[in-house]
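Undergrad: Let's see this in three dimensions:
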Amino acid sequence: MLDIILVILLLLGFVTGLKRGLILQIVHLVSFAVAFIVAYIFSTDLAPRLRLLIPFPNMQQQSVASFVLDPAFLEDAFYRMIAFAILFFVTRLVLRMVGSVLTALTDLPILRQLNRWGGGALGFVEVYVLVFILLYLGAVLPVNDVQTAIQQSAIATNIVENTPYLSSVIQDLWTEYGMV
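TA: Residues are numbered from 1 along each chain as shown. Purely as a prediction, here's the structure:
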């Protein structure tokens with residue numbers, strides 16, 4: 001079931017990119033990259049503050065997906081991933097609002113076809129990375145149903161374990177001992 005949802009999401013990302021076009025999709029992708037960098041850099045600063053606001057859920061150590069995270073580092077990773085998600089989505093929202101001013105360029109007749117297909121490709125990449133982050137968050141969250149769904153999905157498991165560069169960067173970010 002999760003495989004079907006993931007395929008639909010990736011196709012929707014491509015179609016959305018087709019509709020947005022290359023120029024607006026570049027704005028969205030740049031905001032995505034900047035938001036990722038901001039979240040990566042500042043999540044370790046925000047995570048300790050979140051400990052005061054968000055209680056760590058009670059859970060059994062066996063509920064953590066072992067292919068993603070060592071249970072010994074779960075609490076630190078929990079706060080780092082929440083800090084990362086907050087910073088990522090807030091930064092992305094602000095940058096997308098600023099970038100929406102450039103939409104007037106998408107109406108130039110000469111660029112229309114290149115704009116559409118390039119936007120489709122970038123839309124797919126954007127949704128893929130977003131799905132990757134959400135799947136990784138789901139794999140770390142102490143919710144057995146979510147983890148079971150991810151482990152039973154061939155596409156989800158492949159995305160989490162085999163996405164070049166991002167798999168190792170995210171795992172290092174959220175599991176590096178002693179940063180929180």
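Undergrad: Can you say which helix or strand has the most centrally placed residue in the chain in it?
TA: Centrality entry for the chain: nearest residue to the mean C-alpha point is residue 133, 2.8 Å, by C-alpha atoms, centre = their mean. Secondary structure assigned from DSSP states H and E places residue 133 in helix 112-140.
Undergrad: What are the buried residues along that helix?
TA: Of the residues in helix 112-140, 115-116, 118-120, 122-129, 131-133, 135-140 count as buried by neighbour count, 16 or more other C-beta atoms under 10 Å. For the C-beta atoms, the positions are set from N, CA and C on the backbone; glycine is no exception.
Undergrad: Which stretches in this protein count as helices?
TA: Per DSSP state H, the chain has helices spanning 2-20, 22-53, 74-99, 112-140, 144-152, 154-162, 166-175. These are given in chain order.
Undergrad: how about these in JSON lines, adding mean pLDDT?
TA: Compiled in JSON lines, those are given as follows (pLDDT from 0 to 100):
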{"stretch": "helix 2-20", "mean pLDDT": "87"}
{"stretch": "helix 22-53", "mean pLDDT": "87"}
{"stretch": "helix 74-99", "mean pLDDT": "86"}
{"stretch": "helix 112-140", "mean pLDDT": "83"}
{"stretch": "helix 144-152", "mean pLDDT": "85"}
{"stretch": "helix 154-162", "mean pLDDT": "85"}
{"stretch": "helix 166-175", "mean pLDDT": "72"}
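Undergrad: For the helix holding residue 133, which helices and strands make contact with it?
TA: helix 2-20, helix 22-53, helix 74-99, helix 144-152, helix 154-162, helix 166-175 (3 or more C-beta pairs under 8 Å, 6 or more residues apart in numbering; DSSP states H and E).
Undergrad: Residue 109 is nearest to which of these?
TA: With C-beta to C-beta as the criterion, residue 109 lies closest to helix 22-53 of the helices and strands packed on helix 112-140, at 13.5 Å.
Undergrad: Show me what the closest one is packed against.
TA: Counting by 3+ C-beta pairs under 8 Å, 6+ apart, the elements that helix 22-53 packs against turn out to be helix 74-99, helix 112-140, helix 166-175.
Undergrad: Show me what counts as buried in that helix.
TA: Of the residues in helix 22-53, those scored as buried under the neighbour-count criterion (16+ other C-beta under 10 Å) are 22-29, 31-32, 35-36, 38-40, 43-44, 46-47, 50-51.
Undergrad: and the angle from it to helix 74-99?
TA: Here helix 22-53 points in a direction 140 degrees away from that of helix 74-99 (axes from the mean of the first three to the mean of the last three C-alpha atoms, to 10 degrees).
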